[in-house]
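Peer 1: Sequence plus predicted model, see below.
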Amino acid sequence: MSQDSAAGPKRGLKRPIEVVRAELLKDSDTKRIAKAVGMEIEAYVELVLQYAQDKDKEPELDVASDEDLRAAGFTAPSAEDVAKVLISAANGTIGVNQEFEKSEFKAGTTPKGPSLTGETPTSGDPSKKSGH
């Protein structure tokens, strides 16, 4: 018996959709993303749920001319702006928050939480262990 696309979502959610929907509606990251893409939170969550319910669903890509974008109230990016996005994607820096980068904070490679061995975050160096 073959599966056809009208048979319903394939490889969907493992938890009830109502639970996932409620979690997404409360999630601050979901709210931030919905705002960033110019969607109402409810519409964005429903779109996310469509993809979550059908792992085989492919995203749609609409291509529009600069004139069509301007007519719809959007400013078309320049070729230079597009090039910058593509270069940052290739470099792995796309979406990096510049304010965070300016903070010079560097994430450590040590485990989170207190040491169970009594060692300080510079573990392995006996001269830098906490003395007890």
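Peer 2: Okay, I see it. Numbers count the residues shown, from 1 in each chain.
Peer 1: going forward, measure contacts between C-alpha atoms and count neighbours the same way
Peer 2: Fine.
Peer 1: Low-confidence stretches in the chain?
Peer 2: Low-confidence segments of the chain, defined by pLDDT under 70: 1-11, 95-132.
Peer 1: let's see it at 50
Peer 2: For the chain, the stretches with pLDDT under 50 are 1-5, 9, 123-132.
Peer 1: packing partners for the host helix or strand of residue 43?
Peer 2: Residue 43 belongs to helix 41-53 when assigned by DSSP states H and E. Contacts defined by 3 or more CA pairs under 8 Å, 6 or more residues apart in numbering; DSSP states H and E place helix 41-53 against helix 17-26, helix 28-36.
Peer 1: 6 Å instead, please
Peer 2: Using 3 or more CA pairs under 6 Å, 6 or more residues apart in numbering; DSSP states H and E, the elements in contact with helix 41-53 are helix 28-36.
Peer 1: Return the set of buried residues in the helix it packs on.
Peer 2: Residues 30-31, 34 are the ones in helix 28-36 that count as buried (16 or more other CA atoms under 10 Å).
Peer 1: re earlier: how about the helix holding residue 43: buried residues?
Peer 2: Under 16+ other CA under 10 Å, the buried positions of helix 41-53 are 41, 44-45, 49, 51-53.
Peer 1: I'd like the buried residues of helix 28-36 laid out as a markdown table, including distance to residue 72.
Peer 2: Putting these into a markdown table (distance: CA to CA, whole Å) gives the following:
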| residue | distance to residue 72 |
| --- | --- |
| 30 | 25 |
| 31 | 24 |
| 34 | 19 |
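Peer 1: Would you confirm that residue 13 contacts residue 54?
Peer 2: No - between residue 13 and residue 54 there is no contact under CA atoms under 6 Å: 8.2 Å.
Peer 1: Residues contacting the strand or helix carrying residue 82, please?
Peer 2: Taking DSSP H and E as the definition, residue 82 sits inside helix 79-91. Residues from elsewhere that reach helix 79-91 (CA atoms under 6 Å, 6 or more residues apart in numbering): residue 94.
Peer 1: re earlier: between the buried residues of helix 28-36, which is nearest residue 73?
Peer 2: Nearest to residue 73, judged by CA to CA, of these is residue 34 at 18.8 Å.
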